[in-house]
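A.B. asks: have a look; sequence and predicted model below, questions after that.
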2 protein chains.
Amino acid sequence: MADISTRKVNPLFLREEELRQGMELLFYAYRDFTAEADLILEQYNFGRAHHRVIHFVSRNPGINVSDLLGILQITKQSLSRVLGQLVREGFIEQKTGVQDRRQRLLTVTEKGEELERKLSENQRVLIANAYREAGAEAVEGFRKVLLGMLGPNDRARFEDELLPNGLRRRMG
Amino acid sequence: MADISTRKVNPLFLREEELRQGMELLFYAYRDFTAEADLILEQYNFGRAHHRVIHFVSRNPGINVSDLLGILQITKQSLSRVLGQLVREGFIEQKTGVQDRRQRLLTVTEKGEELERKLSENQRVLIANAYREAGAEAVEGFRKVLLGMLGPNDRARFEDELLPNGLRRRMG
DNA sequence: ATTAATATGTCAATAAAACTGACATAACGG
DNA sequence: CCGTTATGTCAGTTTTATTGACATATTAAT
C-alpha cells in the first residue's frame, strides 16, 4: 500500500525534476557555448548579433534581407546597424538581385568567412567533443529533442535537410 | 578510385554540416524556448533576468547573493536592480543569514512561486512534449550531449545530481 | 502608363539591460 | 582592533534593441 503510493508520487516528482534539469542544461549550455565567441567579438567591437548575421549569411549565400530578418527575428533597424558595420568593414557583400532588383543579396567575403571560422572554431570543438564523447546514438537523441522543442516556423527550416545540397535552406 | 575519394571527402562534409546543424538547433531552440515566458514577463515589466533570478532562487532556496551571482554571471549592480524590484514587489524574500549575518539568504515567496510556475509552464510543456515525442533514449542522449558541452564550472552543478535531495545544489 | 504594394534603408528618439568605478556599511576572523 | 568579506548603492556609460516616420527604387497589377 505504501509501496503503491510512493509509486504514484515519485514518477511525478522525477518528471518535474527531469524537466527542470533540462531547462537548466539548456541555459548553461547556451551560455557556455557562446562565451568564447563573445570574447573574440569584443576585439572587433562586434556583438553576438554580428556573429549571427555572419553565420546565417555564410550558411545561406545570396540570402536577401527579408529572409535574414525572418531568421533572426529582429527589426530591420537593428539589423541595419549590424549589417551596415559588417558591410563597411568588408565582411559581407551586397549585390543587387537579378530577378528582383529591389533585393540586396548578401554573401560573406573571404574576410568574412575567415572571421566566421574564427568565431565558430571553439563552438565546433565544443559540439564535436560533446558529440564524440556522447556517441552517435546520443547525438541522434540530442537532435531529436531539440527539434521537438522548436516552433513550427523554425522546425520547417530543418525539414528540407534531406534534399540534395543545393536546394537546402531557401526558407522564409 | 572515384569511390574512395568521395568516401574521403563526404565524411568531413557531413561532419561539418552536422556540427553547423547542431549550432543552429541550439540557437533556434533556445530562442523558441524563451519566447513565451518573455511575453508574460512584459506584463510585469520584467525581463529575462528576472525570470532567471526567480528560477534559480526557487531551485536553490536560501541561496546567498554571491552564489547567485556565480550562477548568473552578471555584476552585482545588474543583479541589484533586478533583485531589488523582485523584493520590493514581494516575489522574493531576503533573510539575514544565521551563521554569517552578513549574508542575505534568498527565498521566493508564495507569490514568487506562482510567477515562477506561470513563467515556466510553457517551457515545461515544450520540454515535456519534446521528451515524450523523442522517447526516453533520446532524452538520455540530449542530456548527455548538453552536459558534454558545459564548461567545468557549470558541469559541476550537475555532478551532485545523484545525491539525496536536500544536499543538492549548494555550489559556488 | 499609372498606381499600389514590396524591399530596403535611414533618421530620430527611446528603452532595456548590462557594464565600470567608487564608495559605504556591517559583520566576520584573527 | 584590523583587514577582509558580503552586500548594497550612486553615478555615469555602453550596448543592443525598440518604435515610428519617412524616403527611394522596383515590381506588379490594373
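C.D. replies: That came through, no problem.
A.B. asks: what packs against the helix ranked longest in chain A?
C.D. replies: For chain A, the helix with the greatest residue count under DSSP state H is helix A:2-43. The criterion is 3 or more Cβ pairs under 8 Å, 6 or more residues apart in numbering or on different chains; DSSP states H and E, and the helices and strands that helix A:2-43 contacts are helix A:48-59, helix A:110-134, helix B:2-43, helix B:48-59, helix B:110-134, helix B:136-149, helix B:152-156. Glycine gets a C-beta too; all of them are placed from N, C-alpha and C.
A.B. asks: that one near DNA strand C anywhere?
C.D. replies: No. Helix A:2-43 is not in contact with DNA strand C by Cβ under 7 Å from any atom of the strand; minimum separation 10.7 Å.
A.B. asks: about what we covered before: for the helices and strands packed on helix A:2-43, which has the smallest mean pLDDT value?
C.D. replies: When those are compared by mean pLDDT, helix B:2-43 comes last with a mean of 82.
A.B. asks: touching DNA strand D at all, that helix?
C.D. replies: No. Helix B:2-43 is not in contact with DNA strand D by Cβ under 7 Å from any atom of the strand; minimum separation 10.6 Å.
A.B. asks: angle of that helix against helix B:48-59?
C.D. replies: Put simply, helix B:2-43 runs at 90 degrees to helix B:48-59, going by axes from the mean of the first three to the mean of the last three Cα atoms, to 10 degrees.
A.B. asks: show me what contacts A:Ser58?
C.D. replies: A:Val108, A:Gly112, A:Glu113, A:Glu116 (Cβ atoms under 8 Å, 6 or more residues apart in numbering or on different chains).
A.B. asks: looks like the first one contacts A:Glu93 (just checking).
C.D. replies: What that stands for is A:Val108. Yes. Using Cβ atoms under 8 Å, A:Val108 is in contact with A:Glu93, at 7.5 Å.
A.B. asks: neighbour count for those two, which is higher?
C.D. replies: A:Val108 (22 against 16; other Cβ atoms under 10 Å in any protein chain shown).
A.B. asks: contacts (any at all) between chain B and stretch A:80-88?
C.D. replies: No. On the criterion Cβ under 8 Å from any Cβ of the partner chain, stretch A:80-88 is out of touch with chain B, staying 15.8 Å away.
A.B. asks: check whether that stretch comes near DNA strand C.
C.D. replies: Yes. With Cβ under 7 Å from any atom of the strand as the criterion, DNA strand C is reached by stretch A:80-88 at A:Ser80, A:Leu83, A:Gly84.
A.B. asks: buried only: go through the residues you listed for me.
C.D. replies: Neighbour counting by 16 or more other Cβ atoms under 10 Å in any protein chain shown classes A:Leu83 among those as buried.
A.B. asks: list just the nearest of the residues of stretch A:80-88 next to DNA strand C to DNA strand C.
C.D. replies: Nearest to DNA strand C among the residues of stretch A:80-88 next to DNA strand C is A:Ser80, at 4.0 Å by Cβ to the nearest atom of the strand.
A.B. asks: return the distance of A:Ser58 relative to DNA strand C.
C.D. replies: For A:Ser58, the distance to DNA strand C equals 17 Å [Cβ to the nearest atom of the strand, to the nearest Å].
A.B. asks: measure that residue to B:His50 for me?
C.D. replies: 35 Å (Cβ to Cβ, to the nearest Å).
A.B. asks: do A:Arg52 as well
C.D. replies: 24 Å.
A.B. asks: show me which of the two is the more surrounded one.
C.D. replies: Neighbour comparison, A:Arg52 and B:His50: the larger count goes to B:His50, with 22 against 17 (by other Cβ under 10 Å).
A.B. asks: tally of neighbours for whatever residue of chain A ends up closest to DNA strand D?
C.D. replies: Nearest residue of chain A to DNA strand D (Cβ to the nearest atom of the strand) works out as A:Gly47 at 1.9 Å. Close neighbours of A:Gly47, defined as other Cβ under 10 Å, add up to 14.
A.B. asks: against A:Leu19, how distant is the nearest residue to it once chain neighbours are set aside?
C.D. replies: Residue nearest to A:Gly47 in three dimensions, not counting chain neighbours: A:Leu41, with 6.1 Å by Cβ to Cβ, 6 or more residues apart in numbering or on different chains. According to Cβ to Cβ, A:Leu41 stands 33 Å off from A:Leu19.
A.B. asks: name the next helix or strand downstream of the helix or strand harbouring A:Leu69, please.
C.D. replies: Using DSSP states H and E, A:Leu69 maps to helix A:65-72. Next helix or strand after helix A:65-72 toward the C-terminus (DSSP H and E): helix A:76-88.
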